[in-house]
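1. Following is a predicted model, sequence given first.
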Amino acid sequence: DSGVTQTPKHLITATGQRVTLRCSPRSGDLSVYWYQQSLDQGLQFLIQYYNGEERAKGNILERFSAQQFPDLHSELNLSSLELGDSALYFCASSVGPENTEAFFGQGTRLTVV
Amino acid sequence: GQSLEQPSEVTAVEGAIVQINCTYQTSGFYGLSWYQQHDGGAPTFLSYNGLDGLEETGRFSSFLSRSDSYGYLLLQELQMKDSASYFCAVRKNTGFQKLVFGTGTRLLVSP
């Protein structure tokens, strides 16, 4: 158990809908990262937050947004969902923004039908 | 742009040694990490090389050569439980650092 908690574990929703994925980082970690992993693909970096502020952005679509709250948990919002958004979404956390080691949650498997 | 290249699949038998290579092309290179991911599971950290040379952690070792933009993960005394995907990831110093992952190498260990 990495100490990073993601909910829900599974999510099935229809095209055009909006969903929110939640992540609680390890105790003491200030940095949160979101990654998308499609079938048989690598991990695509989406966005990073550190202590409530956005620190880095990757290939995140405009339909996607995220935030990190004062209690350091983070939410990833996916809207106007398309079939191609079906993937595993991982959250990871590290102590600081200069990540040498990141700890990953078990992921949320999103299926868009 | 940036790119990381790894073999897509490697097969080996129990007890053997296997090397998974990673070549990268990126600006602002800071270091190379390796992660293991079992099917359906979360990636877990294996090792990090910030300097050239070999880092050893038990049965696993990782190597980095900055001049060659190349690294590898060496797995010794392979066990069935080592069957998984292995990702190299570049740590970039772009002001705000993030990990950029390769597409992963699927390792299949057979009896």
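-> Received the coordinates, thanks. Numbers count the residues shown, from 1 in each chain, chains lettered A, B, ... in the order given.

2. Could you use CA atoms for every contact and neighbour count after this?
-> OK.

3. which strand residues sit across from residue 87 in the sheet?
-> Defaulting to chain A. Per DSSP bridges, the residues bridged to residue A:87 are residue A:110.

4. Please refer instead to chain B.
-> Judged by DSSP bridges, the bridge partners of residue B:87 are residue B:35.

5. ok, it touching residue B:101?
-> Yes: under the contact definition of CA atoms under 8 Å, residue B:87 touches residue B:101, with a separation of 6.5 Å.

6. So for these two, which residue has more residues nearby?
-> When residue B:87 and residue B:101 are compared for neighbours, residue B:87 comes out ahead with 30 against 23, by other CA atoms under 10 Å in any protein chain shown.

7. And the residue of chain B that's closest to chain A?
-> Per CA to the nearest CA, the residue of chain B with the smallest distance to chain A is residue B:103, at 4.0 Å.

8. how deep is the closest residue to that residue other than its chain neighbours tucked in, by neighbour count?
-> Closest residue to residue B:103 in three dimensions, ignoring its sequence neighbours and counting by CA to CA, 6 or more residues apart in numbering or on different chains: residue A:42, at 4.0 Å. Burial of residue A:42 is recorded as 20 neighbouring residues (other CA under 10 Å).

9. In contact with residue A:42, which residues?
-> Contacts here follow CA atoms under 8 Å, 6 or more residues apart in numbering or on different chains; on that basis residue A:42 touches B:87, B:101, B:102, B:103, B:104.

10. can you list the weak-confidence ranges in the chain?
-> Because you didn't say which chain, this covers chain A. A:40, A:99 (pLDDT under 70).

11. hmm, I had chain B in mind actually
-> Short version for chain B, where the test is pLDDT under 70: B:1, B:94-97.

12. and it, which of its residues are near chain A?
-> Proximity of chain B to chain A is assessed by CA under 8 Å from any CA of the partner chain, with B:33, B:41-45, B:48, B:87, B:91, B:96-104 identified as the residues in range.

13. what about the nearest residue to residue A:60 once chain neighbours are set aside, distance to residue B:16?
-> Of all residues not flanking residue A:60 in the chain, residue A:46 sits nearest, at 4.8 Å (CA to CA, 6+ apart). Separation of residue A:46 from residue B:16 (CA to CA, to the nearest Å) stands at 37 Å.

14. Tell me which stretches of chain B form strands.
-> Across chain B, reading from the start of the chain, the strands by DSSP state E fall at B:3-5, B:9-13, B:18-25, B:29-37, B:44-49, B:53-57, B:60-65, B:70-75, B:84-92, B:98-101, B:105-110.

15. Right, I'll call it a day here.
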